[in-house]
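Colleague: just a sequence and a predicted model for now, questions to come.
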Amino acid sequence: MSTAIEPLAPAPAVGWTSTADAERVMSVYASPLVGIVQRLFERVRDTDELHAFSIGSEACDSRALVGTACNINNGGGGTSPVEARLAAIGEAVERYSAAWVPFDALRYGTHRELTRSGSHCLSPADFTPFADWQYERPGSRFVPFTPDTPLPWVESRRLADGAPVWIPAQPVYLRGDLMDRHPIAYPTSNGLAYGSTPDEALVGGILELVERDAVMLAWYRNLSLPLIDVEADPELREYFRRHVHPTGLDVSLVDLSVFSGVPVVLAVVRNREPGCAPLGLGAAASGSPVRAAVKATAEAVNTRTWAAIKLREGVLVDPRGNFEETVVDFDDHIALYSRPDLIPATAFLDSSPLRSTPASMPSLPSDSPGELRDALVDLLSGGGAPGGTAVDLYAVDVTAPDVREAGGHVIKVFSPQLQALDAGYARRYLGNRRLRERPVELGLIEPGDEGFNPLPHPFP
């Protein structure tokens, strides 16, 4: 059994899965008795929340099924009830599926041992998640990834040339027991996506990697990038008029496409009323700048709602505390910014005097998922935007047997070059060369500038 995705076929002319077909398959996953998703519920909307639909989903207790607990609370949003429902189901299913590990398909050993046996493996020189000084800090549990580090490995497919490549399993599967010995990295949902077809899941995973790479580069290097003029596009202007302006929130859209050449939008939502959660961030990448902007906006408003819940429940993180002890997961990242103390330090995100429009941003052909897949792989393997270093993309099929039986697909895309979203201040991914080199290549910072944002990020 191989965990690598099937070799990429020529992009078919088959279009995107219709909502009706997606609903037919995904409804199978929702059942209060035997479903991966055991409960779906409509979230109550407050006056300062997006005037759209939001659905929450609760996953099953997966311990008896996949051997570990999966993410219980999930959700999705959209401009229609069906869109929100499918997003909520999809998020729960992808997190559940990525917690299932086909242990018999893994290989165990060092890079040196596997390559001597004839396997093609990811080089430790290509994956440096942490800076050297982070390994030396008291209490650090992570070890450097070297040719002699014993690890579990999983087979992937390198998208640029179709080669099967073994990569470390720790950042692929959503379970902590793979890190019991020699942890070199930790898993998040970075690059993980559910799809009605393999290409749809693959495209979703690639786009998420690109989106989070851009956000982390902007945050850690304190970059102020062009704001997008919402009024310049009729579709985006109408979306804001109908769904955003009634909230009374201030929403800025930031063009982050410069890093990869893919349309990437960061939405910064601010509520300036005293006593309210002041900030929410969201981001999205897409073949279309407008689609990226809409998705990013919805996520940012929902993130601010998450912060408002933390504030209302009194779950707060002291902005003057020791972040290595107090910011350990995504809940803490959001709770830290649910009060106004650190909000001035986020002003750089949406303070650029430069302006962009959807028409001036890059766009990619996306009439079908296969067409968008090929465009993304070609662009990133060539370095993305001008002057960029080639980006390797490795895809692993993490579809659990019960998910596959119902007709769905879950794929994890991993890139050692793209900057991953991190969770926990002591676990910041500060070793990636791209974090230092890409902003310099683009002329956004001066060569030799090694300064990083010292604060935990507020991204979900």
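Modeller: Cool, the structure landed.
Colleague: so where's this structure shaky on pLDDT?
Modeller: Along the chain, the model assigns pLDDT under 70 to residues 385-387.
Colleague: would you state the helices of it in chain order?
Modeller: Taking DSSP state H as the criterion, the chain carries its helices at 19-26, 63-66, 81-97, 111-116, 132-135, 198-220, 234-239, 289-313, 323-326, 330-336, 369-381, 401-406, 433-441.
Colleague: most tightly surrounded among these?
Modeller: When the helices of the chain are scored by mean count of other CB atoms under 10 Å, the highest mean neighbour count falls to helix 198-220 (a mean of 26). Every residue, glycine included, has its C-beta placed from N, CA and C.
Colleague: tabulate the helices of the chain (JSON lines), appending distance to Asp46.
Modeller: Shown next, in JSON lines, are these (distance: least, CB to CB, whole Å):
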{"stretch": "helix 19-26", "distance to Asp46": "27"}
{"stretch": "helix 63-66", "distance to Asp46": "34"}
{"stretch": "helix 81-97", "distance to Asp46": "16"}
{"stretch": "helix 111-116", "distance to Asp46": "51"}
{"stretch": "helix 132-135", "distance to Asp46": "40"}
{"stretch": "helix 198-220", "distance to Asp46": "26"}
{"stretch": "helix 234-239", "distance to Asp46": "20"}
{"stretch": "helix 289-313", "distance to Asp46": "7"}
{"stretch": "helix 323-326", "distance to Asp46": "27"}
{"stretch": "helix 330-336", "distance to Asp46": "17"}
{"stretch": "helix 369-381", "distance to Asp46": "35"}
{"stretch": "helix 401-406", "distance to Asp46": "34"}
{"stretch": "helix 433-441", "distance to Asp46": "37"}
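Colleague: nearest to Thr149, out of those?
Modeller: The closest of the helices of the chain to Thr149 is helix 111-116. By CB to CB, the value is 7.2 Å.
Colleague: how about that closest one as CSV, C-alpha atoms only?
Modeller: C-alpha atoms of helix 111-116 as CSV (Å, rounded to 0.1, in the frame of the first residue of the first chain):
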residue,chain,number,x,y,z
HIS,A,111,17.6,9.3,6.3
ARG,A,112,21.0,7.6,5.8
GLU,A,113,19.5,4.1,6.3
LEU,A,114,16.6,4.7,4.0
THR,A,115,18.7,6.2,1.2
ARG,A,116,21.2,3.3,1.5
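Colleague: follow-up on the earlier one: can you tell me which of the helices of the chain comes nearest to Thr247?
Modeller: Short answer: helix 289-313, nearest of the helices of the chain by CB to CB, at 6.9 Å.
Colleague: got the angle for that closest one vs helix 81-97?
Modeller: Interaxial angle, helix 289-313 versus helix 81-97 (axes from the mean of the first three to the mean of the last three CA atoms, to 10 degrees): 70 degrees.
Colleague: and helix 289-313, what other elements does it pack with?
Modeller: strand 73-78, helix 234-239, strand 250-255, strand 264-270, strand 279-285, helix 330-336 (3 or more CB pairs under 8 Å, 6 or more residues apart in numbering; DSSP states H and E).
Colleague: quick one, which of the helices of the chain gets closest to Asp255.
Modeller: The closest of the helices of the chain to Asp255 is helix 289-313. By CB to CB, the value is 8.0 Å.
Colleague: okay, angle between the closest one and strand 279-285 too, please.
Modeller: Between the axes of helix 289-313 and strand 279-285, defined by the same axes, to 10 degrees, the angle is 150 degrees.
Colleague: tell me what angle helix 289-313 forms with strand 264-270.
Modeller: 40 degrees.
Colleague: return the distance of helix 289-313 from the chain's centre.
Modeller: The chain centroid and the centroid of helix 289-313 are separated by 14 Å under CA atoms, centre = their mean, to the nearest Å.
Colleague: one more: stretch 89-105?
Modeller: For stretch 89-105, the distance to the chain centre is 16 Å (CA atoms, centre = their mean).
Colleague: out of the helices and strands packed on helix 289-313, which is closest to Arg428?
Modeller: helix 330-336 (11.0 Å).
Colleague: could you say what helices and strands that closest one packs with?
Modeller: Taking 3+ CB pairs under 8 Å, 6+ apart as contact, the helices and strands that helix 330-336 lies on are helix 289-313, helix 323-326.
Colleague: and the contacts of that helix?
Modeller: Under the criterion CB atoms under 8 Å, 6 or more residues apart in numbering, residues 303, 306-307, 310, 315-317, 319, 323, 326-327, 342, 423-424, 456-460 lie in contact with helix 330-336.
Colleague: please tell me how far the nearest residue to Ala69 once chain neighbours are set aside sits from Val264.
Modeller: Nearest residue to Ala69, sequence neighbours excluded (CB to CB, 6 or more residues apart in numbering): Arg63, at 5.5 Å. Distance, Arg63 to Val264, by CB to CB, to the nearest Å: 37 Å.
Colleague: swap in Leu372?
Modeller: In this view, Leu372 and Val264 are 14 Å apart by CB to CB.
Colleague: and if you look at Leu311?
Modeller: 29 Å.
Colleague: then Ala277?
Modeller: For Ala277, the distance to Val264 - CB to CB - is 25 Å.
Colleague: also Gln417?
Modeller: Taken as CB to CB, the span from Gln417 to Val264 is 16 Å.
Colleague: which of those two has more neighbours?
Modeller: Just comparing Gln417 and Val264: by other CB atoms under 10 Å the higher neighbour count belongs to Val264, 30 against 21.
Colleague: and Gly191, how many neighbours?
Modeller: With other CB under 10 Å as criterion, Gly191 counts 27.
Colleague: wait, Arg175 touches Phe103, no?
Modeller: No: contact criterion CB atoms under 8 Å: Arg175 and Phe103 do not qualify, at 10.7 Å.
Colleague: tell me the contacts of the residue lying closest to Ala87 once chain neighbours are set aside?
Modeller: Excluding the flanking residues, the one nearest Ala87 by CB to CB, 6+ apart is Gly76, at 2.4 Å. Counting by CB under 8 Å, 6+ apart, Gly76 makes contact with Ser54, Ile55, Ser57, Glu83, Ala84, Arg85, Leu86, Ala87, Ala88, Ile89, Gly90, Glu91.
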